[in-house]
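Student: Sequence first, predicted coordinates after that:
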Amino acid sequence: LKQVFNKDKTFRPKRKFEPGTQRFELHKRAQASLNSGVDLKAAVQLPSGEDQNDWVAVHVVDFFNRINLIYGTICEFCTERTCPVMCGGPKYEYRWQDDLKYKKPTALPAPQYMNLLMDWIEVQINNEDIFPTSVGKCKEE
């Protein structure tokens, strides 16, 4: 279990919503609906009177946190030796491209791909231009 919480691994601590904010309240509502046995369609519907961008942001961050927890439980079993390719079964191979170090799609071992992916997602989630922490200030394209 010590391996799962190693900061050098892909596991990231949960991003928290500040208590007392509207996003915190939306997060609590989302958690309550997901834990109550309600059907998923109803659980993800935008609550009346809430901002759609805030609602989506809460779910994106929650999804990221859950994926981190799931990956954290298996990352010690997926090594460069046991998972030499990032794939989705025999028909799909994922390649990494970030236009920085990897300018062309590049085949990588699954753990390396996952580390790059989780780092990239974390940068996006922490980018105030994409996910502002102040409610109602989403950047319009």
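Tutor: It's in.

Student: List the buried residues in the lengthiest helix in the chain.
Tutor: In the chain, taking DSSP state H as the definition, the longest helix is helix 52-74. Neighbour-count burial for helix 52-74 flags 53-55, 57-59, 61-62, 64-65, 67-68, 71-72 (criterion: 16 or more other Cβ atoms under 10 Å). In this view, the C-beta of every residue, glycine as well, is placed from N, C-alpha and C.

Student: now the residues you listed in JSON lines, with distance to Tyr92 and pLDDT?
Tutor: Converted to JSON lines, these look like this (distance: Cβ to Cβ, whole Å; pLDDT from 0 to 100):
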{"residue": "Asn53", "distance to Tyr92": "31", "pLDDT": "87"}
{"residue": "Asp54", "distance to Tyr92": "33", "pLDDT": "86"}
{"residue": "Trp55", "distance to Tyr92": "31", "pLDDT": "86"}
{"residue": "Ala57", "distance to Tyr92": "29", "pLDDT": "86"}
{"residue": "Val58", "distance to Tyr92": "30", "pLDDT": "85"}
{"residue": "His59", "distance to Tyr92": "25", "pLDDT": "84"}
{"residue": "Val61", "distance to Tyr92": "27", "pLDDT": "88"}
{"residue": "Asp62", "distance to Tyr92": "26", "pLDDT": "87"}
{"residue": "Phe64", "distance to Tyr92": "22", "pLDDT": "90"}
{"residue": "Asn65", "distance to Tyr92": "25", "pLDDT": "88"}
{"residue": "Ile67", "distance to Tyr92": "18", "pLDDT": "89"}
{"residue": "Asn68", "distance to Tyr92": "22", "pLDDT": "87"}
{"residue": "Tyr71", "distance to Tyr92": "18", "pLDDT": "87"}
{"residue": "Gly72", "distance to Tyr92": "23", "pLDDT": "86"}
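
Student: could you dump those to TSV with distance to Thr133?
Tutor: Converted to TSV, these look like this (distance: Cβ to Cβ, whole Å):
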residue	distance to Thr133
Asn53	12
Asp54	10
Trp55	15
Ala57	9
Val58	12
His59	16
Val61	11
Asp62	15
Phe64	15
Asn65	16
Ile67	21
Asn68	19
Tyr71	25
Gly72	25
